[in-house]
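Undergrad: Sequence plus the predicted model coming up.
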Amino acid sequence: MAPRRGLGPGELLRRYTARVARHPGRVLALEFGLLFAVVGIIAGGGFFEITQESGRSWLIPGNREVHRQDAVRAARKLRGGDETASFREREANGREIGTVYLIYRSRSGNMLTPDNLRAVRDVEALFTGHERFPRFCQLEYPPETAPRDERPRCAPPMSLVRAAFDSEGELRDLAPVLGALADNLYLSGFYLSKEFSSDNLRSSYVRSMIPLGAPLAGYERPRSDRNQQAQEVYDDFLRSVEVDLHPHLGLERRFLRPARMSEGLAPNGDVEVLYWSDGAARIEMNELSQQDFLWAVLSMLCVATYMALHTRSVFISAVGMLEIILSIPLAFFVYRLVFQIRFFSFMHILAVFVLLGIGADDVFVFVDAFKQSSSEPGIEPDDLDKRIEYAAFRASGRPSDEPDHHSSLPGNRYQRDPAHQHVWDFRGALHRFAVPAQCAPHATHPGHLGEAFRGWTGARQAQGGVVPGWGG
C-alpha cells in the first residue's frame, strides 16, 4: 500500500500547479478577482490616505495606552478656552505650520557690509511686506497696562535688520551696532557665525527667522488639523511670496526639480540665500515623492518592454506587470486593515522599484524553468502538467518532498541528501514567503499563470518543447 501523502508545502504546490495546468482561466480569474476585491475594499472603505507625518498615525486604535492618551487630549480640549499659550508655545506652534528660517552666506566672506545687509532687508521685506502676512504672522499682544483699545500686532522678525536699520529704513552706523553685538554674543549668536567676535567683526553667515502664528482663523487650537493649517500657510502665503521671491533670487523651476532646490543669489551677486519652513518642507517632500513616482512609471514601462522581449509574450508581460502593481494594494490591505498602521506616504509607494525587480525576477525564473523542462529526462515536451510542476518546483528553489512522483524520473535533479533537506526547505520558504511578504507579496508567480493560460488556448499542441509564440 502506497504511503499517504501529507499536505506539506511540496504537496500543496503540486496540487496548485496541477489545477493551474487544467483550469488556467479559472485560476487567473480567481486570483485577479481576489486582488480587485481587495482594491475595492480599500477604495470603497476610504482607507487609502496619504499622510505627511507619522505622529498619531503610528498608533494602533484599541490599544489601552492610546485610549489613555485620547482621554487626556479630550480633557485638554474641553478646558482649551481657559488656556493661554506662552510666547515660546506660540513660536513652537507656528514653527510646525510654517515659520520661515533664512540663512545668508557671503561669497566674499563678510555679510556685515552695508550692501549685504541691504540685500538681507530686501529679501525679508518680500515676506513681511506681503499683503497676506498679517493673516499668518505671529501676534504680539499688548501688556496688561496698555490701553484696552490697543490691538495685537505682528511680531517682528528675529533678524539683524532690526539692529542695522532705523524705523525709517535707513542704515545706522555699523561700528557701534557690531560692537554691541560682540559684547553680547549670548543673544547675538543666533544671527552670526562662530568666527564673529570683538576681535573679528566679520561673519560669513547671517541667520533670520520670520515667525508665523497658530492657530489660524477658523481653527480652535494650534494643533488641531495641523496638516491642514500648514497646507493653508503654504498655499495662501508662501506660494504667493515665492511669486516675487524666486525671480528676485534668480530661482527657476527645472524638469523634476523645484525652484527652491536651486541656489538663490541676491541681486548684488554676493549674498547666497537659503530659506526653510518646516510646514512647507513636509508638503514639498510629498510633492517631490509624487514627482519621483514618474520615474517609477518609466521603470515599469522599461521592465514591461524587456519582459515582453525576454519571454516573447506580451500576455505574460502584461499579467506580470499587473500583478506587480496590484501587490501594492494587497500589501496595503495587510498594513492598514490588519496591522492598523495609518501612516502611509508616497515614500511607501516608491517601494515599487523593489517590487519591479522581485516580480520581474519571478517571471524570468519561471519562464526559464519552463523552457528547461522541455529537455528534462522523463518529461515529454507536450506534457504541460509535468512541465508546469517541474517549473514551479524549480523556480521555488525547493525539492520534491514526496518521492513517489519525481523519484521515478531518470536523472531527477530534485533528489537531495536528506541531511540537507532543511536547507532547501528554508531556501524555498524564503523565496516563497519571506521576501515577498516584506515587499508586498504576490499571490503566485505571474509567469506560470500566463503560460498556463496560453496552454489552455493551444499550448498542448506544442511539439519539440517549443510553445507557440515563445520561440526556440
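TA: Looks like it came in fine.
Undergrad: List of residues touching stretch 167-186?
TA: Here stretch 167-186 makes contact (CB atoms under 8 Å, 6 or more residues apart in numbering) with 112, 114, 117-118, 121, 163-166, 188, 191-192, 196-198, 201. In this view, the C-beta of every residue, glycine as well, is placed from N, C-alpha and C.
Undergrad: Just the buried ones from these?
TA: 112, 117-118, 121, 164-165, 188, 191-192, 196, 201 (16 or more other CB atoms under 10 Å).
Undergrad: helices or strands next to the helix or strand harbouring Glu287 in the packing?
TA: If you go by DSSP states H and E, Glu287 is part of helix 278-311. Packing contacts for helix 278-311, counted by 3 or more CB pairs under 8 Å, 6 or more residues apart in numbering; DSSP states H and E, involve helix 87-97, helix 226-233, helix 314-332, helix 346-349, helix 352-373.
Undergrad: quick check: angle from it to helix 226-233?
TA: On the basis of axes from the mean of the first three to the mean of the last three CA atoms, to 10 degrees, helix 278-311 is oriented at 100 degrees to helix 226-233.
Undergrad: angle of helix 278-311 against helix 314-332?
TA: 150 degrees.
Undergrad: quick check: mean pLDDT across helix 278-311?
TA: Across helix 278-311, pLDDT averages out at 81.
Undergrad: just how off-centre is that helix within its chain?
TA: Computed by CA atoms, centre = their mean, to the nearest Å, the chain-centroid distance of helix 278-311 equals 11 Å.
Undergrad: before we move on, back to that, Phe48: which of the contacts of stretch 167-186 is nearest?
TA: Tyr191 (45.4 Å; CB to CB).
Undergrad: what sits up against the host helix or strand of Val206?
TA: Using DSSP H and E, Val206 sits in strand 205-210. With contact meaning CB under 8 Å, 6+ apart, strand 205-210 is reached by 99-106, 111-112, 116, 120, 124, 127-128, 157-161, 190-193.
Undergrad: that's a strand at Val104, yeah?
TA: Not Val; residue 104 is Tyr. Yes - assigned with DSSP: H, G, I helix; E, B strand; the rest coil, Tyr104 falls within a strand.
Undergrad: Any idea how many residues pack against it?
TA: 26 (other CB atoms under 10 Å).
Undergrad: try Pro211
TA: Counted with other CB under 10 Å, Pro211 comes out at 23.
Undergrad: what's the neighbour count on the nearest residue to it once chain neighbours are set aside?
TA: Excluding the flanking residues, the one nearest Pro211 by CB to CB, 6 or more residues apart in numbering is Gln138, at 4.0 Å. A total of 21 residues lie near Gln138 under the criterion other CB under 10 Å.
Undergrad: and what of Cys154?
TA: Cys154, neighbours per other CB under 10 Å, totals 18.
Undergrad: Quick check: pLDDT value at it.
TA: In this model, Cys154 carries a pLDDT of 89.
Undergrad: Same check on Arg460?
TA: Looking at Arg460, the pLDDT reads 37.
Undergrad: Over to Phe344?
TA: 81.
Undergrad: Likewise for the one 10 residues further on?
TA: For Val354, the model assigns a pLDDT of 84.
Undergrad: what about it, distance to Phe165?
TA: When distance is defined by CB to CB, to the nearest Å, Val354 is 54 Å away from Phe165.
Undergrad: now swap in Glu252 and tell me
TA: 30 Å.
Undergrad: Ok, Ile341 next?
TA: 51 Å.
Undergrad: Run the chain-centre distance for stretch 321-331.
TA: 17 Å.
Undergrad: How about that stretch, which residues are buried there?
TA: 321, 323-331.
Undergrad: Three-state assignment for Glu195, please.
TA: coil.
Undergrad: these two touch, right, it and Arg202?
TA: Yes - applying CB atoms under 8 Å, one finds Glu195 in contact with Arg202, separated by 6.8 Å.
Undergrad: These two: which is more packed in?
TA: Shown here are Glu195 and Arg202; by other CB under 10 Å, Arg202 has more neighbours (16 against 12).
Undergrad: pLDDT at the more buried one, what is it?
TA: 94.
Undergrad: which residue sits closest to it, ignoring its sequence neighbours?
TA: Using CB to CB, 6+ apart, the nearest residue to Arg202 is Asn110, at 4.5 Å.
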